[in-house]
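Participant: need coordinates for the following:
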Amino acid sequence: MSVELFSWVVLPLIIFVARIFDQTVGTIRLIFAAKGFKSIVPVLGFFEVLIWIVVVAQVMQHLDNVLCYIAYAGGFAMGNYIGMIVEERLSLGTVLIRVIPKKDTTELIGYLRSNNYGVTAVDVEGRSGKIKMLFSIIKRKQAREVIDIINRYNPNAFYTIEEIRAVKDGYFKPLSSASVFSLLNPFHRSGK
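Facilitator: Okay, the predicted model is just below:
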């Protein structure tokens, strides 16, 4: 392989791909840190910085190659994007779904409970009168399914979804398959 081919094609490609890996790991590391995954965050940080140091050393050795700069910046941007997609697919953590319905919630509550979702109903008064506001704390992996149920039984309901850092006790529908990462969660309580 010629030196020119390596310098202007292969090296920028290697820098681009390495930056994608390092930034993806960095994005996931920050998300895991925010969610309290203390055991995996240092390991991810080690590999993130190791890759970064190798990449920066290559860029510094080829300061005359503008493609290395472009590859470095492009890998950074793409790594952020891919890191967010990976975290979204992992669907880690617990969320609170708060539902403010537009109509009677008896069927919705019954269906959620019959499908093993914990639901708390509270009498509140809104603009259109007295209603029952619903709260359900679920695993984030189950959020899409619960939203589909809400839309089926109460199509115009207003709902919010909030991340929850820690949960003590409570009732949770078991996940269909255990995630490797659920074992790393210090707040994970199986079967509850």
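
Participant: ok, and what's touching stretch 106-113?
Facilitator: With contact meaning C-beta atoms under 8 Å, 6 or more residues apart in numbering, stretch 106-113 is reached by 99, 101, 119, 121, 132, 134, 136, 146, 149-150, 153-154. Using the backbone N, CA and C atoms, a C-beta is placed for each residue, glycine as well.

Participant: thought V10 was touching M1?
Facilitator: Yes - the criterion here is C-beta atoms under 8 Å, and V10 meets it with M1 at 7.2 Å.

Participant: when the two are compared, which one has more neighbours?
Facilitator: For V10 and M1, the more surrounded residue by other C-beta atoms under 10 Å is V10, and the numbers stand at 11 against 7.

Participant: excluding chain neighbours, what is closest to R19?
Facilitator: Once flanking residues are discounted, R19 sits nearest to G75: 2.4 Å by C-beta to C-beta, 6 or more residues apart in numbering.

Participant: show the average pLDDT along the helix or strand harbouring the one you found.
Facilitator: Following DSSP states H and E, one finds G75 within helix 66-90. The average pLDDT within helix 66-90 is 94.

Participant: other SSEs contacting that helix?
Facilitator: Applying 3 or more C-beta pairs under 8 Å, 6 or more residues apart in numbering; DSSP states H and E, one finds that helix 66-90 makes contact with helix 11-35, helix 41-61.

Participant: taking helix 41-61 as reference, get the angle to that helix.
Facilitator: Orientation check (axes from the mean of the first three to the mean of the last three C-alpha atoms, to 10 degrees): helix 66-90 against helix 41-61 gives 160 degrees.
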